[in-house]
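[1] Sequence and predicted model, in that order:
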Amino acid sequence: MCGIAGFAGAGTLDDLRAMNAAQAHRGPDADGQWSDAALGLFLGHRRLSIIDLAGGTQPMWSIDGRFAIVFNGEIYNFAELRAELSAMGARFATDHSDTEVLLEAYRRWGDECVHRLNGMWAFVLYDVERRRLFGSRDRFGKKPLYYLDRPGLFAFASELTALTAHRAIAPAISPLAVKKYFAYGYIPAPHTIYEGVRKLPGGHSFEYDLAAGRLREWRYWDFVLEPQDDDPAAHERWCDQLCELMGRAVKRRLVSDVPIGAFISGGIDSSAVVAFARRHCAGDLRTFSIGFEEASHNELPYARL
């Protein structure tokens with residue numbers, strides 16, 4: 001888990017530092033900042049180091065200095081993308097950073113690069129030549145991204161507390177958001193608890209034109225259920241396919257330069273994930289569980305099993 005923050009427009013480096021500090025718990029390993037006061041652009045990052053511990057510092061710049069990125073998440077197919085991009089002539093400064101792969105994927109495929117990604121992400125990329133910010137959130141919105149857009153200021157962050165750490169941002173509580181919270185038990189995107197602050201929905205991207213001060217947001221992906229014939233003879237085939245996909249998905253998530261562990265309850269979901277991880281994990285796989293004194297809430301016996 002990392003944290004990203006930044007803004008274009010009114011504000012100073014002190015505002016960026018405050019925004020970064022407000023989400024230090026998301027990234028205890030490094031605090032990165034870059035700013036261009038003349039342009040009025042500020043980018044910040046708090047890092048939790050998982051892949052390419054030495055070379056993954058952010059904000060990260062492309063080799064030619066045209067693109068910069070702040071990124072929270074993990075691209076599971078970065079090795080395949082890196083090989084494909086290298087075959088196309090891309091050059092890489094880091095050993096195996098998925099962040100740099102993102103930079104080069106954008107160089108090659110532009111806004112459409114998100115369709116090539118297998119992973120979870122929230123990132124904002126700065127294109128020097130086009131003077132634009134390009135941001136995106138993964139398909140199901142696993143990684144958070146909030147933003148505020150008003151005349152003279154566009155700001156974004158991984159958490160609301162980081163966004164409101166900017167001295168020019170003091171939003172009021174949204175009555176509509178309060179109603180939605182009591183109706184649903186949560187506040188659905190794009191709403192947030194604050195007036196004027198939006199949560200970028202999963203499967204969406206945006207661009208912010210620095211020269212014009214104009215924001216455009218769009219959906220790049222939507223989840224659609226496609227009914228299949230309920231053929232009993234196909235059930236076994238579907239079970240085999242599900243196991244194959246689960247195994248492949250879990251294996252992708254085991255790529256790490258730090259030790260791997262898993263939270264496990266007594267339920268089917270975490271038990272299945274740990275079972276598949278055990279097949280592919282060469283070393284020890286440590287698991288962590290929480291138990292309760294009340295028997296009706298305690299799943300430790302099932303977790304141990």
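    Good, I have the coordinates.
[2] Who does the most centrally placed residue in the chain form a beta bridge with?
    Closest residue to the average C-alpha location of the chain: W121 at 2.5 Å, with C-alpha atoms, centre = their mean. Bridge pairing for W121 (DSSP bridges) gives the partners G73.
[3] Contacts only, for it.
    Taking C-beta atoms under 8 Å, 6 or more residues apart in numbering, we find W121 in contact with F71, N72, G73, E74, I75, L102, S136, R137, D138, K143. Using the backbone N, CA and C atoms, a C-beta is placed for each residue, glycine as well.
[4] now F263
    Residues counted as contacts of F263 (C-beta under 8 Å, 6+ apart) are S270, T287, F288, S289.
[5] ok, now how distant is the residue nearest to the centre of the chain from G266?
    Distance of W121 to G266, computed by C-beta to C-beta, to the nearest Å: 31 Å.
[6] Just after the helix or strand A68 falls within, pick out the following helix or strand.
    A68 belongs to strand 67-75 when elements are defined using DSSP states H and E. Following strand 67-75 in sequence order, the next helix or strand is helix 78-87 (DSSP H and E).
[7] For that following helix, buried residues please.
    Across helix 78-87, burial judged by 16 or more other C-beta atoms under 10 Å covers F78, L81, R82, E84, L85.
[8] Give the buried residues for the next helix or strand along the chain from it.
    Using DSSP H and E, the helix or strand that follows helix 78-87 in sequence is helix 98-109. Neighbour counts over helix 98-109 (16+ other C-beta under 10 Å) mark D98, T99, E100, V101, L102, L103, E104, A105, Y106, R107, R108 as buried.
[9] tell me what the top helix by length along the chain is packed against?
    Identified as the longest helix of the chain according to DSSP state H is helix 235-252. Packing partners of helix 235-252 (3 or more C-beta pairs under 8 Å, 6 or more residues apart in numbering; DSSP states H and E): helix 268-280.
[10] so where do the strands sit in this structure?
    3-9, 30-36, 41-47, 60-61, 67-75, 119-127, 132-137, 146-150, 153-157, 197-199, 204-209, 214-219, 261-263, 286-288 (DSSP state E).
[11] Dump the ones you listed into JSON lines; add mean pLDDT and distance to I169 as well.
    Shown next, in JSON lines, are the strands of the chain (pLDDT from 0 to 100; distance: least, C-beta to C-beta, whole Å):
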{"stretch": "strand 3-9", "mean pLDDT": "97", "distance to I169": "9"}
{"stretch": "strand 30-36", "mean pLDDT": "93", "distance to I169": "17"}
{"stretch": "strand 41-47", "mean pLDDT": "95", "distance to I169": "13"}
{"stretch": "strand 60-61", "mean pLDDT": "96", "distance to I169": "26"}
{"stretch": "strand 67-75", "mean pLDDT": "96", "distance to I169": "18"}
{"stretch": "strand 119-127", "mean pLDDT": "97", "distance to I169": "17"}
{"stretch": "strand 132-137", "mean pLDDT": "98", "distance to I169": "17"}
{"stretch": "strand 146-150", "mean pLDDT": "98", "distance to I169": "6"}
{"stretch": "strand 153-157", "mean pLDDT": "98", "distance to I169": "6"}
{"stretch": "strand 197-199", "mean pLDDT": "97", "distance to I169": "8"}
{"stretch": "strand 204-209", "mean pLDDT": "98", "distance to I169": "16"}
{"stretch": "strand 214-219", "mean pLDDT": "98", "distance to I169": "16"}
{"stretch": "strand 261-263", "mean pLDDT": "91", "distance to I169": "34"}
{"stretch": "strand 286-288", "mean pLDDT": "92", "distance to I169": "37"}
